[in-house]
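Participant: need coordinates for the below:
(chains A, B, C and D)
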Amino acid sequence: MESSKIMTAKEAVSKFIKDGMTVFVGGFFHAISYTITHEIIRQNKRNLTICQSSFNEHADQMIGAGCIDRIISSYVWMEVFGPLYCFRRAMEKSIPHKIEMEDYSNFAMTVRFLAGALGIPYLPLNSLKGSDMMTHSQWMGENKVKLIEDPFGSGISHAVVPALKPEIGYFHAQRADEEGNVQMWGILGDAPWSVRACDKVIVSVEEIVSREVIGRDPNRTILPAYKVAAVVKEPFGAHPKNTQGYYNVDRDFIFDYIKMSKKEETWKEFMEEWVYSVSDRTEYMNKYIKKFGFRKFMDLKAENMQSGSVSYGY
Amino acid sequence: MESSKIMTAKEAVSKFIKDGMTVFVGGFFHAISYTITHEIIRQNKRNLTICQSSFNEHADQMIGAGCIDRIISSYVWMEVFGPLYCFRRAMEKSIPHKIEMEDYSNFAMTVRFLAGALGIPYLPLNSLKGSDMMTHSQWMGENKVKLIEDPFGSGISHAVVPALKPEIGYFHAQRADEEGNVQMWGILGDAPWSVRACDKVIVSVEEIVSREVIGRDPNRTILPAYKVAAVVKEPFGAHPKNTQGYYNVDRDFIFDYIKMSKKEETWKEFMEEWVYSVSDRTEYMNKYIKKFGFRKFMDLKAENMQSGSVSYGY
Amino acid sequence: MSERGYDFTLQELMAVAASREIHDKEKVIVGTGLPLLGSMLAMRTHAPNMIAIYESGTIEAKPSITPFSVADSCLVPGAAMQGGLVEGLGIVHAGELDVGFLGGAQVDKFGNLNAHVIGDYYNPTVRFAGSGGSNDIGCGCKRTIVMMLHQKRRFVENVDFLTTPGYLTGGDAREKMGYPGNGPAVVVSTLGILRFHPVTKEMYLESYHPGVTVKMIIENTSWNLKINDDVKETEHPTVEEIRILREELDPTGIFLNKQ
Amino acid sequence: MSERGYDFTLQELMAVAASREIHDKEKVIVGTGLPLLGSMLAMRTHAPNMIAIYESGTIEAKPSITPFSVADSCLVPGAAMQGGLVEGLGIVHAGELDVGFLGGAQVDKFGNLNAHVIGDYYNPTVRFAGSGGSNDIGCGCKRTIVMMLHQKRRFVENVDFLTTPGYLTGGDAREKMGYPGNGPAVVVSTLGILRFHPVTKEMYLESYHPGVTVKMIIENTSWNLKINDDVKETEHPTVEEIRILREELDPTGIFLNKQ
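Facilitator: Here you go, the predicted structure:
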């Protein structure tokens, strides 16, 4: 390949994410691209439809900021950390405006992306049927899911879901080369299939490595360069989430977010401090270290636990 | 887990492969378990249905030996090396007996296993339709493939294939622990999905490693122990095929097989020499080195090309 | 609560009850919170060969500390296999797992669960997380263990939204649907342990927790709850179970001292 | 063949013709034999940013030697990505690739290919390999390049078995099927280069190879082959193309000196 796709989060979001788009958001609790998420909020993108198998606070922040009209997912919450209040305010009280969610199960979402990546038009499932997710739809109507009898004569009917192929996606990973060959390890979430289902992808990474490093372990690559529109180098780009091999979850920060987001006023304070008043991720991390100290920052950093090497020789 | 699954190829085949079974055979040109294949032939298994996305000489040898009644696949041939003559004799002249093949495309086979592994009952495809594979079936009849209109109203009809879940499978990989957690790299073929679709799996490996080595790089694992019935330690267990990181293809040996298999008589000579007159893989390799010399053997051995190590720390 | 000369909390009792539902060598999809503690306790007592599987695609996790999330980084190093959701939930969907854990905002007498809304779906009074993997686990696991706060507004005649099927309308209604899994085996509530009648599939009370009466449980259930003929007190944790929970699994009290 | 003061073989001419069908930056699923040499030649001449993809799941292979098989171990080290068949063929099936190569035992005037049998499918006179990935490539790639031995028994009115659809019965028959890909763009035969009429989708002769006459091609085709008005000789390879083929891609003559 001839040219580098490395750019800043600001450039990538400005160039590739347009109001009204259907945007895939990567990561399952682990490795969520906060650097791209915050940039979407700062650039005040509007009328987005976001999709991901399961969403956490990153969705909540975009919802509170008014970027989102529609969600396609199975889950918007933060596990034992607690509920997401912007999501609830929007769903229950249309604050800042009404949003809609098309509810699936986690596996149904995951295989909608799988089907999208493989060009398989739809998929039958053992899940979903018998639930109210079959009968309730916000905007997809008849195209959300269908109950269809097994054509192979088992006598069983299955919930059939359509492939999902988002226009643009973004996610966070450990490393990529400048052309956009992405390697990821640890918990993959709905990747690799979700990122492969997108027409184009923005990836933020902890490190840029050479094409040669990628080529030494090609089974580790989850997305080839031709799908990638932009590579954003952003160490700690998933904070307060974890990135395996680089840093752990910042539990205190997440608990603080959930506490602050209970009320609109305090949520705005939090967002002002960590999103609107910083211009990029470097300022964010500078602020973090200034506020919490170098020791706290170093506590997040991962221990070194090596995978070991294998030979690809022939 | 409490117990080791390590046994010899002889024990594994005797214990888990029964006459009349549907047997998945792993590997796509790369990493084909010849140690298990030859043991199936020596134990004179009968009436097997074998399935794999694409077959090479390993199928040819089992066909010639009379083990096979039915094949489910997209391909039985050896690329530019040439045709497989036992396969042709059986299909064209019922030698040693009539066999049947249910023909699919390579991708259709691959996703039949994918569906089997994920519990997805059937899958619609863009391939197959319009071809005579839609209308011709040996024994599956109406259950082979169906043409079904897209329920989501695209106006397009798709070929729909059923999931494939073999009773038993076998494949070759680089390494496993004694409980049967299998790690593989390089060309995966229809794995990981095919091996996951099987009820139970026999795996032959170049090396047994500790559970701790597996745990250092868990993204490298393609099959968890609970699916594995037997682990067979067999260095050079895929010869004359390649195993990435261990040894290269033995082209001369494959050309020789194809030449010898043109006539029944010479095919029998080949099989006597390399299958029937040896009792196991160790005797086979002893004979190989005795016949072709240590230098030829060492020429097959792979160079050391290290993947490099990554950190899984937190 | 104080029995047999030692103390235990309601949370601990529930974790122990969950643990005892798991048999050795079973493949269990483990959630967070009490299900996680119950599973880890089972592995340290009567089910040493249980295989812990996480929705996030971790198989046979061997964390040295208690994970906080199904995607906790501590789950990955040392696991037998790590993939993504398609690996974690694919084997659930294919019917390969023995046990799954479920919870929710509401449950009805046939074990159907609601994790979506209180009120109208399109104009909810309260909106919850949604299914996540619950629907898949409820359809796919051979059996499920439901853990619930036992309150009248949660144990309801009809759920406001059916997220995860239990036995649907009871009897053979679930069987007819042809799910890979067989439905909920037990409800471990904050007041007692409830199971399902083998034919009618209606929930009944098997035991009440120490300090709780049958009357209290009836009052906290919206429908006319059936009571087992030999209803008894829930079996107490052993000293060793409590020791493992406190000293090994939750030494800082982060999971068990919350309520 | 000797032109412009240098020699080239028919195999070399065909490899060069295949190479010239590929544009820069295209994603090409590469087979073995001549398609492989053609693709590698394109990358070394006018298409340096072509992305070579193999059925076996290798993306952007950069082998230092010429691979012998689509699963040759030399393809893997240095590749951008290595998966399995679901990776290699999944992107074909999804319609993401620009070019694929096809071959077979028979082709008809609409570019339909037979790779299964000569004679009756259930009692074949000759049985061939079967589809392998051909059907998927023929349905999924934006366009395909067919390479064929040009003989009367191979260029037939009706194929004995339709393995891979070309334009089916011609006209808009293929379009109506809704495949992701648009069908064969060209047939590079051992006698000439043939393309398809934009409306009728019938094959016509565009050029004849050096030393071959239009009459020879008509005689070696079973149907009444249409000839382009300005039919001409196939463009010759350049000295540089031949040098690359011989010195860089096939220094031991294993691929090009076989016939």
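Participant: what parts of the stretch 1-150 of chain C come near chain B?
Facilitator: When proximity is defined by CB under 8 Å from any CB of the partner chain, the stretch 1-150 of chain C lies next to chain B at C:27, C:48-49, C:51, C:58-60, C:62, C:72-74, C:76-83, C:86, C:90-91, C:93-96, C:140. C-beta coordinates here come from the backbone N, C-alpha and C atoms, glycine included.
Participant: in strands, which of the residues you listed appear?
Facilitator: Using DSSP state E, the subset of the residues of the stretch 1-150 of chain C next to chain B located in strands is C:27, C:51, C:58, C:59, C:81, C:82.
Participant: in what helix or strand does residue C:229 lie?
Facilitator: The secondary structure element spanning residue C:229 is strand C:226-233 (assigned by DSSP states H and E).
Participant: for that strand, what does the pLDDT average out to?
Facilitator: Throughout strand C:226-233, pLDDT has a mean value of 97.
Participant: kindly report the same for stretch C:190-207.
Facilitator: So the average pLDDT for stretch C:190-207 ends up being 98.
Participant: can you list the buried residues in that stretch?
Facilitator: Of the residues in stretch C:190-207, those scored as buried under the neighbour-count criterion (16 or more other CB atoms under 10 Å in any protein chain shown) are C:190-196, C:201-207.
Participant: could you dump the residues you listed into CSV with secondary structure added?
Facilitator: Listed next are these as CSV, based on DSSP: H, G, I helix; E, B strand; the rest coil:
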residue, secondary structure
C:190, coil
C:191, coil
C:192, strand
C:193, strand
C:194, strand
C:195, strand
C:196, strand
C:201, coil
C:202, coil
C:203, strand
C:204, strand
C:205, strand
C:206, strand
C:207, strand
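Participant: for residue A:186, give its distance to chain C.
Facilitator: 5 Å (CB to the nearest CB, to the nearest Å).
Participant: OK, contacts around residue 225?
Facilitator: If you meant another chain, say so; for now it's chain A. Under the criterion of CB atoms under 8 Å, 6 or more residues apart in numbering or on different chains, the neighbours of residue A:225 are A:1, A:5, A:177, A:179, A:180, A:181, D:60, D:80.
Participant: actually it's chain C I care about, not the one you picked
Facilitator: When contacts are counted by CB under 8 Å, 6+ apart, residue C:225 touches C:109, C:155, C:194, C:203, C:204, C:205, C:217, C:218.
Participant: format those residues as TSV; extra columns: distance to chain D.
Facilitator: Conversion of the contacts of residue C:225 to TSV gives the following (distance: CB to the nearest CB, whole Å):
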residue	distance to chain D
C:109	44
C:155	45
C:194	44
C:203	43
C:204	47
C:205	49
C:217	51
C:218	54
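Participant: of the ones in strands among the residues of the stretch 1-150 of chain C next to chain B, grab the buried ones for PyMOL.
Facilitator: Burial among those is assessed by 16+ other CB under 10 Å; the matching PyMOL selection reads:
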select buried, chain C and resi 27+51+58+59+81+82
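Participant: would CSV of the ones in strands among the residues of the stretch 1-150 of chain C next to chain B with pLDDT be doable?
Facilitator: Rendered in CSV, the data for these read as follows (pLDDT from 0 to 100):
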residue, pLDDT
C:27, 98
C:51, 97
C:58, 97
C:59, 98
C:81, 98
C:82, 98
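Participant: in a helix, residue C:152, correct?
Facilitator: No: counting by three-state DSSP, residue C:152 is not found in a helix; it is coil.
Participant: tell me, how many residues neighbour it?
Facilitator: With neighbours defined by other CB atoms under 10 Å in any protein chain shown, the count for residue C:152 comes to 10.
Participant: show me the contacts for it.
Facilitator: C:219, C:220, C:221, C:222.
Participant: and the pLDDT at the last one?
Facilitator: What that stands for is residue C:222. The predicted local confidence for residue C:222 comes out at a pLDDT of 98.
Participant: so the closest residue to it other than its chain neighbours versus residue C:47, what's the distance?
Facilitator: Distances taken as CB to CB, 6 or more residues apart in numbering or on different chains put residue C:156 closest to residue C:222, at 4.7 Å, once the chain neighbours are dropped. Separation of residue C:156 from residue C:47 (CB to CB, to the nearest Å): 33 Å.
Participant: cool, residue C:109 as well?
Facilitator: Between residue C:109 and residue C:47 the computed distance is 30 Å (CB to CB).
Participant: in the stretch 101-250 of chain C, what residue lies closest to chain A?
Facilitator: Shortest the stretch 101-250 of chain C-to-chain A distance, computed as CB to the nearest CB: residue-wise this is residue C:129, at 3.3 Å.
Participant: how close does that residue get to chain B?
Facilitator: The span separating residue C:129 from chain B equals 24 Å under the rule CB to the nearest CB.
Participant: got it, and residue A:181?
Facilitator: The span separating residue A:181 from chain B equals 15 Å under the rule CB to the nearest CB.
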